[in-house]
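> Got a predicted model here, sequence first, then my questions.
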Amino acid sequence: MTEITATPAVRLLGLSKSYRKGREVVDAVSDVTLEVGERGMVAIVGPSGSGKSTLLHVIGGMDKPTRGDVIVAGQTVNRLSQADLTRFRRQTVGFVFQTFNLIPNLTALENVALPMEFNDVPKAARLARAKALLERFQLGPRLNHRPRELSGGEMQRVAIARAVANEPRLVLADEPTGNLDSHSGQIVYELLREISRERTVIVVTHAEDLAGLADRIIHIRDGRLTDTLLTPRLQRLSEKPGRV
């Protein structure tokens, strides 16, 4: 299945990922060809074991495909050297995980500022940006709280602020509401929608209702894309003259 967009931020060309399990070879992702445009929110939806998280990890350079190419922001990710791959993950992609992955002994402010330190941003500038992000995400009163002092929804908002701290072109979120109640999950998805106005956001989820907040839904089963749909909001835009 191929989906073509005018200005792709992500291109997957014949992408496959296989694992060996004993004597058996398991195809986690099979022959996926896909394009995702600049800006906007895409939801990859599928049941457990469908290959959606594997697909996300390959796009983000956390895993290498068995076959095919991954092109993000003009870079063929699977052909980068280890040093260039580290730089790619640090500068081009922001990750949001189901389990938050915050550093427990750092405050919210310090957690968000940390990725900028690896990009050699001066301390005053990174603290100022971290503070501005947390305030934007309604966490101003929680700047000096450590993860254990935050609710699940607050921790995930800190994690999203950390993911965009280096202003990446692409944000990848793997089941970001999996550990949250429905109200907190709704807030997180609305926040991801907000930041998708500035960059491309790809979210993996099994929750169809929350996926409906995305501009586009891609269904995956047994490692293969089964269909890709525009949500009603983007469908209305695409039907206007001059819009694709």
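Looks like it arrived, so ask away.

> Phi first, then psi, for the spatially most central residue of the chain.
When the chain is reduced to its mean C-alpha position, the nearest residue by CA atoms, centre = their mean turns out to be Leu172, at 1.0 Å. Dihedral angles of Leu172 (phi, psi; degrees, to the nearest 10) stand at phi -110, psi 120.

> quick one: it and Leu56 touch, right?
Yes: at 5.3 Å, Leu172 counts as touching Leu56 under the criterion of CB atoms under 8 Å. All C-beta spots, glycine's among them, are computed from the backbone N, C-alpha and C.

> what residues do the two have in common as contacts?
202, 204 (CB atoms under 8 Å, 6 or more residues apart in numbering).

> Could you list the low-confidence segments of this protein?
1-7, 229-244 (pLDDT under 70).

> Do a quick rundown of the strands in it.
Taking DSSP state E, the strands of the chain run over residues 8-21, 24-37, 40-45, 67-72, 75-76, 93-96, 170-174, 200-205, 216-221, 224-230.

> Dump these to TSV, plus distance to Arg146.
What follows is the strands of the chain, written out as TSV (distance: least, CB to CB, whole Å):
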stretch	distance to Arg146
strand 8-21	34
strand 24-37	35
strand 40-45	30
strand 67-72	33
strand 75-76	36
strand 93-96	19
strand 170-174	23
strand 200-205	27
strand 216-221	36
strand 224-230	41
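
> How many neighbouring residues does Ala125 have?
11 (other CB atoms under 10 Å).

> Use 595 as the first number from now on
Happy to do that; since the first residue is 595 now, the last one works out to Ala719.

> in stretch 694-713, what's buried?
Going by neighbour count (16 or more other CB atoms under 10 Å), the buried part of stretch 694-713 is 694, 696, 701-710.

> Dump those to CSV, plus distance to Gly616.
Shown next, in CSV, are these (distance: CB to CB, whole Å):
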residue, distance to Gly616
Phe694, 33
Leu696, 36
Thr701, 45
Ala702, 44
Leu703, 47
Glu704, 44
Asn705, 40
Val706, 43
Ala707, 45
Leu708, 40
Pro709, 38
Met710, 44
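
> Out of these, flag the one nearest to Leu733.
Nearest to Leu733 among the buried residues of stretch 694-713 is Ala702, at 6.3 Å by CB to CB.

> what sits against Leu606?
Here Leu606 is in contact with 626-629, 653, 662-665 (CB under 8 Å, 6+ apart).

> Any chance of a PyMOL selection covering the buried ones in the residues you listed?
Restricted to buried positions by 16+ other CB under 10 Å, the PyMOL selection for the contacts of Leu606 reads:
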select buried, resi 626+627+628+629+653+662+664+665
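
> List just the nearest of the contacts of Leu606 to Ile789.
Ile653 (17.3 Å).

> if we can go back for a sec, could you single out the nearest of the buried residues of stretch 694-713 to Gln780?
Closest to Gln780, out of all of those and judged by CB to CB, is Phe694, at 17.5 Å.

> on that earlier part again, count the neighbours of the closest residue to the residue nearest to the centre of the chain other than its chain neighbours for me.
Of all residues not flanking Leu766 in the chain, Gly654 sits nearest, at 4.9 Å (CB to CB, 6 or more residues apart in numbering). Residues near Gly654, counting by other CB under 10 Å, number 23.

> ditto for Leu679
By other CB under 10 Å, 17 other residues sit near Leu679.

> so what's it closest to, chain neighbours aside?
Nearest to Leu679 is Gly655, by CB to CB, 6+ apart, at 5.3 Å.
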